[in-house]
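Peer 1: here's a sequence, model it:
(chains A and B)
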Amino acid sequence: MARKQPEKEFNFSRDMIPDSDKVPALLRELRSDAWQAYQELPFPTMKDEAWRRTSLSGFDFRKIQLPNGKEVPEKITGSILTDGILAKKSIALLSPAGVKINQTAQSIKQGVIFSNLTEAAKKHPDLVKKVLGKVVSPRDGKFAAATAAFANHGLFIYVPKGVEVSEPLFSIVFAPWEGTAHFFQCLIYLEEGSSLTYIHESLSPENSSQPSLTGENVEIFVGKNANLKIAEIQSYGDQVWSFSHKKALVDRDGYLEWEIGALGSYLSKHFITVDLIGQGAEGRVSGMFFADQKQHLSYNTMQRHLAPRTTSDLLFKGALGGKSRSVWRGMIYASPGAQYIDGYQANRNLILNSGARSDSIPGLEILNNDVRCTHGSTVGKIDQEQLFYLLSRGIHHLEAELLIIQGFFDDIFSRFPLPEVGEQIWMKIKNRVTKK
Amino acid sequence: MSELVINNLHVNVEETEILKGVNLTIKTNEVHAVMGPNGTGKSTLAYALMGHPKYKVTKGDATLDGKDLLELDPNERSKLGLFLAFQYPIAIPGVSVANFLRTAINAHRKAQDPEDKGISIPDFRKKLKEKMALLDMDESFAGRYLNDGFSGGEKKRVEILQMATLEPKFSILDETDSGLDIDALKIVAHGINTISNKDQGILVITHYQRILNYITPDFVHVMLNGRIVESGGPELALHLEEEGYEWLREKHAV
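Peer 2: Purely as a prediction, here's the structure:
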């Protein structure tokens, strides 16, 4: 029986899937499966538990087009990853107009694959196969399915066994463009004993007047005893609706450090999962977000302890101005066999304006009896005693508030792999707070 | 020479009148001590002068060189040259002592000269190093988060460090001696004596005579029930140390 379509669902059809003969078989298979999943999965509504506080009703999905392949490159402006940070580094630039990758000779020499996904699927199908669609399944959600089916772009990063990549890799996604959807897949595979630092930024052209959309699937595998530091910064324009499914598997004694910074978008809904699958694996996730006007930022984070003696530590901090809204739903899960684990989750929110609101909901699901799990969540305004203290030293009211906000984010900024990244994010926030 | 004049000051905290007409004039190069038992309004005087929003002035006025303090925001009062060393300094996690001090210095410089571009990093470092040495503070202090996890003594030192860096015309030291052991007290007092040259007026608010062994007041005032009931020279403090406040309560029937 055909399911009744909601009124405002995407106008996408099978023939829009980029799966011509030129597309490698591996990707064609995934797209086909994802299309199946896409058709089967219902469009999320606020009746779904995971979407209960996030409404999509203000968005007309029917109007969203896929890029037509005739896009002309635009100059990237407003990037946090400045030329100074990027000088002489390996970098991938992705936009609807195409993919451009520069890899340093040093990183090539180390055997690192830093490639457009289509190309990687042709040249290294056996490697791509290990993660593609396996960490994030198209069946994880409607947008995961749409992303896997219609992905315009992908990035594949592979680090061979025992290789410690000496310089960070960078990528910038400059999308979506007005009225269109940009679907992006990012795959990272670290072999045993390897290490990598990877910094990714997403931003969109300024001055868009039409709503646009992004879908992102990020699939990460951190091998035994491997070490991955990943930092993501998002500063989309205020017309962008952003959806993502991001998941990392961390194998035995592997270590994952994941920093997430979000400043932009009109509405964001992100599913972020860390699966600790091998004994001794550790995952640390740090997030910061700043929102104002009518922004809505929503995170569902999941720390899944699937093996004994695993450690997870998650801290998300948000500052909310204007009439913005944030939703954080955290979950620590421990499987029956995952004894002696240590899990921590916290979400702290600073409300800058009485019109802003923050929902913070931690959760635990522990299926064995020998664990250490703690959580915390707070929502509060700027402390008036702190403010008075700063004012009493001659500091102007706005400047004092800025200091308090900067201090609030400082522990997260200091976790970003390059101090310049935290500084640049702070400059953006400062400019926004000062403009009002 | 500058002058801080407090005239018939009445202050309410949440509908309750705490100060009931305080009169006090302080000139630069004078050290005044306000003493009195707990709950008589000493700290209220300090907070009200600095402009804490909880302390509502209902009557009277306070001027600095003729300028009405009471209509100014706390930051404007600071820029006019008023400083309060807090009894309970506030922690601001994530903001380093250095970042905070530089922001404060720059706010003061800008008040003097709107075109000022701020103190240069080398100049600031030099200044900070010099003032910290004065208070026997380790340089690593500059990188620590402001008052966050500081011991009582460290907090008080950082208050005096701020006083030393901002070079106010008038400083109110609100129970700066409380929570200090004798060694810390000596260091803090030495710092205060060194920085309070002839250009500063100081108001020491204290419970005990102890700090006055190190910072010699020119005038001692006793506050009881929201008013200054007795004023005198340094000998008054010594007298109070021996006799307590009871004789003053009887004398003034409070």
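Peer 1: can you pull the pLDDT of A:Glu7?
Peer 2: If you check A:Glu7, the pLDDT there is 58.
Peer 1: now do the contacts for residue 184.
Peer 2: If you meant another chain, say so; for now it's chain A. By Cβ atoms under 8 Å, 6 or more residues apart in numbering or on different chains, the contact set of A:Phe184 is A:94, A:147, A:151-155, A:173, A:175, A:214-217. C-beta here means a position set from N, CA and C on the backbone, and glycine is covered the same way.
Peer 1: you answered for a different chain; I wanted chain B.
Peer 2: Here B:Ala184 is in contact with B:153, B:156-157 (Cβ under 8 Å, 6+ apart).
Peer 1: top of the residues you listed by neighbour count?
Peer 2: Tallying neighbours with other Cβ atoms under 10 Å in any protein chain shown puts B:Lys156 at the head of the contacts of B:Ala184, with 28 neighbours.
Peer 1: what's the weakest-modelled helix or strand in the chain?
Peer 2: Here I'm looking at chain A. One helix or strand of chain A scores below all others by mean pLDDT, DSSP states H and E: helix A:83-86, with a mean of 90.
Peer 1: can you look at chain B instead?
Peer 2: Scanning chain B with mean pLDDT, DSSP H and E, the lowest is helix B:182-195, at a mean of 88.
Peer 1: on the C-terminal side of that helix, identify the next helix or strand.
Peer 2: The first helix or strand that comes after helix B:182-195 along the chain, using DSSP states H and E, is strand B:201-206.
Peer 1: ok, residues contacting whatever helix or strand comes next after that following strand?
Peer 2: Sequence-wise, the next helix or strand downstream of strand B:201-206 (DSSP H and E) is strand B:219-224. With Cβ under 8 Å, 6+ apart as the test, strand B:219-224 has contacts from B:22, B:24, B:30-37, B:40-42, B:45, B:212, B:228-234, B:236-237, B:240, B:245, B:248-249, B:252, B:254.
Peer 1: and whichever helix or strand comes after strand B:219-224, what does it pack against?
Peer 2: Under the assignment DSSP H and E, the closest C-terminal helix or strand after strand B:219-224 is strand B:227-232. Contacts defined by 3 or more Cβ pairs under 8 Å, 6 or more residues apart in numbering or on different chains; DSSP states H and E place strand B:227-232 against strand B:16-27, strand B:219-224, helix B:246-252.
Peer 1: which of those sits most buried?
Peer 2: Across the helices and strands packed on strand B:227-232, averaging neighbours per residue (mean count of other Cβ atoms under 10 Å in any protein chain shown) puts strand B:219-224 on top, at a mean of 22.
Peer 1: my read: B:Arg157 touches B:Leu135, true?
Peer 2: Yes - the criterion here is Cβ atoms under 8 Å, and B:Arg157 meets it with B:Leu135 at 5.1 Å.
Peer 1: and for these two, which residues touch both?
Peer 2: By Cβ under 8 Å, 6+ apart, the residues touching both B:Arg157 and B:Leu135 are B:187-188, B:191.
Peer 1: between those residues, which has the most around it?
Peer 2: Result: B:Val188 is most packed of the shared contacts of B:Arg157 and B:Leu135 (other Cβ under 10 Å), 25 neighbours.
Peer 1: tell me how far that one lies from B:Asp177.
Peer 2: 8 Å (Cβ to Cβ, to the nearest Å).
Peer 1: same deal with A:Phe221?
Peer 2: Taking Cβ to Cβ, one finds A:Phe221 at 61 Å from B:Asp177.
Peer 1: then B:Gly39?
Peer 2: 18 Å.
Peer 1: between the two, who's got more neighbours?
Peer 2: Neighbour count, other Cβ under 10 Å: between B:Gly39 and B:Asp177, B:Asp177 has more, with 23 against 11.
Peer 1: leaving out sequence neighbours, find the closest residue to the more buried one.
Peer 2: Counting by Cβ to Cβ, 6 or more residues apart in numbering or on different chains, B:Ile211 is the residue found nearest to B:Asp177 once chain neighbours are left out, at 3.8 Å.
Peer 1: what's the distance between that neighbour and chain A?
Peer 2: 21 Å (Cβ to the nearest Cβ, to the nearest Å).
Peer 1: for chain B, which residues are neighbours of chain A?
Peer 2: B:50-53, B:73-75, B:77-79, B:83-84, B:86, B:89-90, B:92-95, B:99-100, B:103-104, B:107-108, B:111, B:145, B:162, B:166 (Cβ under 8 Å from any Cβ of the partner chain).
Peer 1: which ChimeraX command selects the buried ones in these?
Peer 2: Buried residues within the residues of chain B next to chain A, by 16 or more other Cβ atoms under 10 Å in any protein chain shown, are selected in ChimeraX with:
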select /B:50,51,52,74,75,77,78,79,83,84,86,89,90,92,94,95,99,100,103,104,107,108,111,145,162,166
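Peer 1: what about the strands in chain B?
Peer 2: All strands of chain B, identified by DSSP state E, fall at B:3-13, B:16-27, B:31-35, B:55-64, B:67-68, B:82-85, B:92-96, B:145-146, B:170-174, B:201-206, B:219-224, B:227-232.
Peer 1: got those strands as a markdown table, with mean pLDDT columns?
Peer 2: Formatted as a markdown table, the strands of chain B follow (pLDDT from 0 to 100):
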| stretch | mean pLDDT |
| --- | --- |
| strand B:3-13 | 98 |
| strand B:16-27 | 97 |
| strand B:31-35 | 96 |
| strand B:55-64 | 97 |
| strand B:67-68 | 96 |
| strand B:82-85 | 98 |
| strand B:92-96 | 96 |
| strand B:145-146 | 97 |
| strand B:170-174 | 96 |
| strand B:201-206 | 95 |
| strand B:219-224 | 96 |
| strand B:227-232 | 96 |
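Peer 1: before we move on, the earlier item: would you mark the buried spots in the least confident helix or strand of chain B?
Peer 2: Buried-residue list, helix B:182-195, by 16+ other Cβ under 10 Å: B:184-185, B:187-192, B:195.
Peer 1: and the residue of chain B found nearest chain A, what does it touch?
Peer 2: Among the residues of chain B, B:Gly94 lies closest to chain A, at 2.8 Å counting by Cβ to the nearest Cβ. Contacts here follow Cβ under 8 Å, 6+ apart; on that basis B:Gly94 touches A:406-411, B:145.
Peer 1: now do 7 Å
Peer 2: With contact set as Cβ atoms under 7 Å, 6 or more residues apart in numbering or on different chains, B:Gly94 has these partners: A:406-408, A:410-411, B:145.
Peer 1: sketch out the low-pLDDT regions of the stretch 51-200 of chain B for me.
Peer 2: B:197-198 (pLDDT under 70).
Peer 1: would you tell me which of the strands of chain B gets closest to A:Pro42?
Peer 2: The closest of the strands of chain B to A:Pro42 is strand B:92-96. By Cβ to Cβ, the value is 43.0 Å.
Peer 1: what lines up beside that closest one in the sheet?
Peer 2: strand B:145-146 (antiparallel) (DSSP bridges).
Peer 1: distance from the chain centre to the strand it pairs with, please.
Peer 2: 20 Å (Cα atoms, centre = their mean, to the nearest Å).
Peer 1: next one: stretch A:229-244
Peer 2: So, by Cα atoms, centre = their mean, the centroid of stretch A:229-244 is 7 Å from its chain's centroid.
Peer 1: between the two ends of it, how far is it?
Peer 2: Taking Cα to Cα, to the nearest Å as the measure, stretch A:229-244 stretches 19 Å from start to finish.
Peer 1: burial of A:Asp383, as a residue count?
Peer 2: By other Cβ under 10 Å, the burial measure for A:Asp383, its neighbour count, is 14.
Peer 1: residue in chain A with the shortest distance to chain B?
Peer 2: For chain A, Cβ to the nearest Cβ, closest residue to chain B: A:Gly407, 2.8 Å.
Peer 1: what secondary structure does that residue sit in?
Peer 2: Counting by DSSP: H, G, I helix; E, B strand; the rest coil, the backbone at A:Gly407 sits in helix.
Peer 1: contacting residues around stretch A:155-166?
Peer 2: For stretch A:155-166, the surrounding residues in contact (Cβ under 7 Å, 6+ apart) are A:92, A:94, A:106-107, A:110-117, A:120, A:127-128, A:169, A:171, A:186-196, A:198.
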